[in-house]
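1. I would like the atomic coordinates for the input below:
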Amino acid sequence: MGKDVIVACDFSSKEDTLRFLDKFQGSRKPFVKIGMELYYAAGNDIVKEIKARGHKIFLDLKLHDIPNTVKKAMKVLSDLDVDIVNVHAAGTKEMMKAALEGLTRADGTRPLLIAVTMLTSTDQKAMEEDLLIKEPIGEVVMHYAENARDAGLDGIVCSPLEARLVHDRCGDAFLTVTPGIRFPESAGDDQKRIMSPEKAKAEGCDYIVVGRPVTQAEDPVAAYERCIREFVD
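-> Next up is the predicted model:
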């Protein structure tokens, strides 16, 4: 898969989600992110419904548990035919290797597996005071990225501010999936490390995840198409 815009469908119900996706009938079908709120509300049914409509899916559940539990959970998720799933890199290399093993089907196929490094709502101050991690946030992200690469994962979720350095350290084939995307005129909301689609492209991001600037836009299709123009085309 090449560069793409992933739309974060952070809705609380199946009905709201499908109503939103109905707006894209007759236009390009967006790559969709299903996060915890929607998955916990609608379960596997919403995954299957969106997949049946022809959308690619990033199932964003951020698994983080002991290796055996994550491995078994990934075996279940591998049957959903999604395109990307993720774990928390903080779960250790052993956990990430177990996730990869559980996700791989008997025929050797699997979705892409990426790891969350540091949430984009976390800044240096919060990392030091809440997590007691004193190193610079960029170095923490790089360390987590290298652990994910060494565990055999396909890439990481990171801030767009770190994408170029991740590629420098882990190679161009190591994917960067970057939330924290806002248009220049948009508010940052709870995201602290943000970037525009156009600048994210220049920084070498592979996938950008865009939520409220599209889902809460007066014209979501136009907002999505703007992201495509600025990031993909």
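2. could you pull out the helices for the protein?
-> 14-22, 36-52, 67-77, 93-103, 124-130, 137-150, 163-170, 197-202, 212-215, 220-231 (DSSP state H).
3. With mean neighbour count as new columns, can those be given to me in TSV?
-> In short, each C-beta sits where N, CA and C put it, glycine included. Rendered in TSV, the data for the helices of the chain read as follows (neighbours: other CB atoms under 10 Å):
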stretch	mean neighbour count
helix 14-22	15
helix 36-52	15
helix 67-77	17
helix 93-103	21
helix 124-130	13
helix 137-150	19
helix 163-170	19
helix 197-202	19
helix 212-215	20
helix 220-231	18
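4. I'd like the ones you listed written out as a markdown table, with mean pLDDT and distance to residue 109 added.
-> Converted to a markdown table, these look like this (pLDDT from 0 to 100; distance: least, CB to CB, whole Å):
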| stretch | mean pLDDT | distance to residue 109 |
| --- | --- | --- |
| helix 14-22 | 97 | 26 |
| helix 36-52 | 96 | 15 |
| helix 67-77 | 97 | 13 |
| helix 93-103 | 98 | 10 |
| helix 124-130 | 95 | 37 |
| helix 137-150 | 94 | 20 |
| helix 163-170 | 94 | 23 |
| helix 197-202 | 94 | 29 |
| helix 212-215 | 95 | 30 |
| helix 220-231 | 96 | 28 |
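5. For stretch 203-221, what is the distance to the chain centroid?
-> Chain-centre distance of stretch 203-221: 12 Å, with CA atoms, centre = their mean, to the nearest Å.
6. same deal with stretch 31-39?
-> Relative to its parent chain, stretch 31-39 has a centroid offset of 10 Å by CA atoms, centre = their mean.
7. about what we covered before: of the helices of the chain, which is nearest residue 7?
-> Set against residue 7 and scored by CB to CB, the helices of the chain come closest in helix 212-215, at 5.3 Å.
8. Show me what the closest one is packed against.
-> If contacts are counted by 3 or more CB pairs under 8 Å, 6 or more residues apart in numbering; DSSP states H and E, helix 212-215 sits against strand 4-8, helix 220-231.
9. Report how many residues lie close to residue 91.
-> By the other CB atoms under 10 Å criterion, the neighbourhood of residue 91 contains 22 residues.
10. how far away is it from residue 177?
-> Plainly put, residue 91 is 17 Å away from residue 177 if you go by CB to CB, to the nearest Å.
11. returning to that earlier point: can you lay out the helices and strands packed on helix 212-215 as a markdown table showing distance to residue 42?
-> Formatted as a markdown table, the entries for the helices and strands packed on helix 212-215 read as follows, by distance: least, CB to CB, whole Å:
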| stretch | distance to residue 42 |
| --- | --- |
| strand 4-8 | 15 |
| helix 220-231 | 20 |
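12. and of these, who's closest to residue 58?
-> Ranking the helices and strands packed on helix 212-215 by their distance to residue 58 (criterion: CB to CB) puts strand 4-8 first, at 5.4 Å.
13. Distance check, the nearest residue to residue 124 once chain neighbours are set aside against residue 153.
-> What sits nearest to residue 124 in space, not counting adjacent residues and going by CB to CB, 6 or more residues apart in numbering, is residue 137, at 5.0 Å. Counting by CB to CB, the gap from residue 137 to residue 153 is 20 Å.
14. cool, residue 140 as well?
-> If you go by CB to CB, the gap between residue 140 and residue 153 works out to 17 Å.
15. can you pull the pLDDT of residue 187?
-> We have a pLDDT of 53 for residue 187.
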